[in-house]
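S.K.: Sharing a model that was predicted from the sequence below.
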Amino acid sequence: MKLILHYMKRLYAYSGAALTINLLGMVFSSLLESAGILLLIPMISMSGILSVQQATSYDFRWLKELQAMPQAWALTLILTLYVLIVFGQNLIQRQIMIRNVEIQQIFSRKLRSEIYSTLLASKWSFFLKKRKSDLINLLTIELARVISGINLFLQLVTSSLFTLIQIVFAFWLSPSMTMFVLGCGTLLALFSRHYIHKAKLLGNQTSVLSQSYLAGITDQLNGIKDIKSNNLEDSRLNWLHSLTKGMMHEQMEYIRLRMNSQLLYKISSALLIAGFVFISFRFFHASGPQLLLVILIFARLWPRFTSIQSNLEQMAATVPAFKAMINLQQECTEAAEPREKGMDGSPSAPLRLKHGLTCNNVYFRYHSAESAHTLQEVNLFIPANRMTAFVGRSGAGKSTLIDLLMGLMQPESGQILIDGEPLTTSNLFAFRRSIGYVAQDPFLYNASIRENLLMIQPGAGEDQLWEALEFASSADFVRALPLGLDTLIGDRGIRLSGGERQRLVLARAIISKPSVLVLDEATSALDTENEKKIQQALERLKGTMTIIVVAHRLSTIRHADQVIVIDQGKVVQRGGFNQLAAERGGIFGHLLDNQKEAIV
Ligand SMILES: Nc1ncnc2c1ncn2[C@@H]1O[C@H](COP(=O)(O)OP(=O)(O)OP(=O)(O)O)[C@@H](O)[C@H]1O
């Protein structure tokens, strides 16, 4: 309940007065509905079916005045009033329903953007710990459950208000009978508590199953080529069958639970009416009109109790989603990156690196204090507008160092300096804006080549697009495509070859003319021809920007101004390519020999 109230407060904060007006509108509409029913009494009374005076202890003075009028006049008056009330009530009801949906839509939109923006503002280290599919599950399925939980809560509030007014109205007609119905309702609600508890447990299962489903499907679609080429379709289908069996079982349990509770309420309603009418008639000799009133009150109140019970069960099933969403928001807030503090609130302009980047005695580790350092005692200088290459064995710590240099993670101790200034929150965003980044596994959006380039430089003209493509050795292949720049490249650029993808990502990285270009193993998965094209692109860019390259293929960095060798998290060699190649017994020479052997 605390969790739901947390979001209700949010709902109130977002919708403010509109929500209060709607709730008041609901009370008014409910009052009108009761007034409409109240008018049925003189109608019934006039028809002679029921003498209301006889059935209740109240004195209907206005009825007597009506009876004094000619019957045709009185009936016309009552019927007109009845129609007007029903008409007015339905108009208000219509307005309330539209406003309710509007409030819900505004809330769901704001909640989605609030959660997504907190997520985007989280540090890179947060994403390293999280499974991508779990985040997708939270942002789609669980978020939808939270929104449906809020809707259910609003329905519950409405239902409770309606019921309260019905109770007051019923009390006015017959206090004793209303007390009896309320007593029975309370007893049944106590008895039905276990349904709500069970619904919450089933809601937990729903969360777990949907998380597994999404995680499995995402993994498998990401690795569909592997599945097809290794003939794994049957085993994947078996996985799906067993998971969907669990999902079906859980859904059937839930629906059985809800139907059982509804059945209990409906059967008890019939039993209570029958029992009450029998006892009143047999032992207390109640009159016909009194018995009719019992049925009227029961028929109006009991369905309300049933719908409140059903509402509570459905809400209980969404509680785990509320819990998951609050946890995610808390985790994101704890992992939030410091906000950009521009002087006038606008994003800061990219930096231009003048002298270079420095690592000053940098130490870093991913896990707790007990684990070994991934990087230790790293001291180095990357001069501006030169090409610096990092090499080393797999797992040496090259990518980790690049992440620290880009400010994606912070050193445990030591400092990263930008032109002599420590990299802190005040210059972090301006520095990041000055970087163009190309990863080993190039990421492209499922859009056209043009759109992919414009995402980084929205205002770029045709000349600028082609210039970036020329520099990245991509112009030829784009020109050869039937639709040229407007070619759609598919999911992550699947319709292009690995080399074309990589060169297109390079074009995208340089289109904004960044001050620093980072290539993290961008040529490792390429063939010699494509590697050569990237190498030529780097040659063209040399001197215009600071280039940092992590390379497994040493041929890529043959023309680097400086090569830094990392081993077990430490800088073990540095110098020019040829100088390091000539150093006897060094790791660089060893790596070079290995690659020569592989070629022979
Ligand atoms: N997200 C992470 N969580 C925990 N440990 C990590 C993480 N990423 C990398 N490591 C560990 O840090 C060490 C350095 O990894 P890193 O990726 O920086 O090496 P690398 O030199 O770039 O390797 P490669 O050339 O194979 O990509 C490795 O032992 C690796 O297991």
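M.R.: Looks like it arrived, so ask away. Residues are numbered from 1 along each chain as shown.

S.K.: Thought Ile456 was touching Ala507, still the case?
M.R.: No: contact status for Ala507 versus Ile456: not in contact, 9.6 Å apart, counting by C-beta atoms under 8 Å. Backbone N, C-alpha and C define where each C-beta goes, glycine included.

S.K.: In terms of neighbours, single out the busier of the two.
M.R.: The neighbour comparison of Ala507 against Ile456 (other C-beta atoms under 10 Å) goes to Ala507, with 28 against 16.

S.K.: How many neighbouring residues does the one residue in the stretch 51-200 of the chain that gets nearest to the ligand have?
M.R.: As assessed by C-beta to the nearest ligand atom, the ligand sits closest to Leu128 within the stretch 51-200 of the chain, at 4.0 Å. Leu128 is flanked by 11 other residues according to other C-beta under 10 Å.

S.K.: low-confidence ranges in the stretch 101-250 of the chain?
M.R.: Scanning the stretch 101-250 of the chain for pLDDT under 70 picks out nothing.

S.K.: ranges for the helices of it?
M.R.: Here the stretch 101-250 of the chain has its helices, by DSSP state H, counting those that start in this stretch, at 124-129, 132-137, 143-173, 175-191, 193-222, 224-229, 233-282.

S.K.: Which positions within the first one qualify as buried?
M.R.: In other words, helix 124-129. For helix 124-129, the neighbour count (16 or more other C-beta atoms under 10 Å) marks Phe126 as buried.

S.K.: Make residue 1 into 27 and carry on from there
M.R.: Sure, I'll start numbering at 27, so the last one becomes helix 150-155.

S.K.: Show residues contacting it.
M.R.: Residues from elsewhere that reach helix 150-155 (C-beta atoms under 8 Å, 6 or more residues apart in numbering): Glu357, Cys358, Ala361, Tyr392, Asp429, Leu434, Met435.

S.K.: right, and the helices of the stretch 127-276 of the chain - which one's nearest Gly510?
M.R.: helix 250-255 (27.7 Å; C-beta to C-beta).

S.K.: Run through who's touching stretch 374-381.
M.R.: With C-beta under 8 Å, 6+ apart, stretch 374-381 has contacts from 366, 368, 409-411, 444-446, 453, 455-457, 459-460, 538, 540-542, 572.

S.K.: my bad, should have said stretch 529-538
M.R.: 376, 462-465, 468-470, 475, 478-479, 481-483, 486, 490-491, 494-495, 497-500, 503-504, 515, 519, 522, 543, 545, 548, 556, 559-560, 563, 567, 571.

S.K.: mean confidence for that stretch?
M.R.: The pLDDT scores in stretch 529-538 average 86.

S.K.: Which residues of the chain lie near the ligand?
M.R.: Leu154, Tyr392, Thr400, Gly418, Ser420, Gly421, Ala422, Gly423, Lys424, Ser425, Thr426 (C-beta under 6 Å from any ligand atom).

S.K.: And the buried ones among those, selectable in ChimeraX?
M.R.: To isolate the buried subset of the residues of the chain next to the ligand in ChimeraX, counting by 16+ other C-beta under 10 Å, use the following:
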select :400,418,422,423,424,425,426
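
S.K.: how long is stretch 453-462 from one end to the other?
M.R.: 17 Å (C-alpha to C-alpha, to the nearest Å).

S.K.: now swap in stretch 428-445 and tell me
M.R.: Note: stretch 428-445 ends 17 Å apart using C-alpha to C-alpha.

S.K.: Mind jotting down where the strands sit in the stretch 327-476 of the chain?
M.R.: Taking DSSP state E, counting those that start in this stretch, the strands of the stretch 327-476 of the chain run over residues 382-390, 401-409, 413-417, 439-444, 447-448, 461-464.
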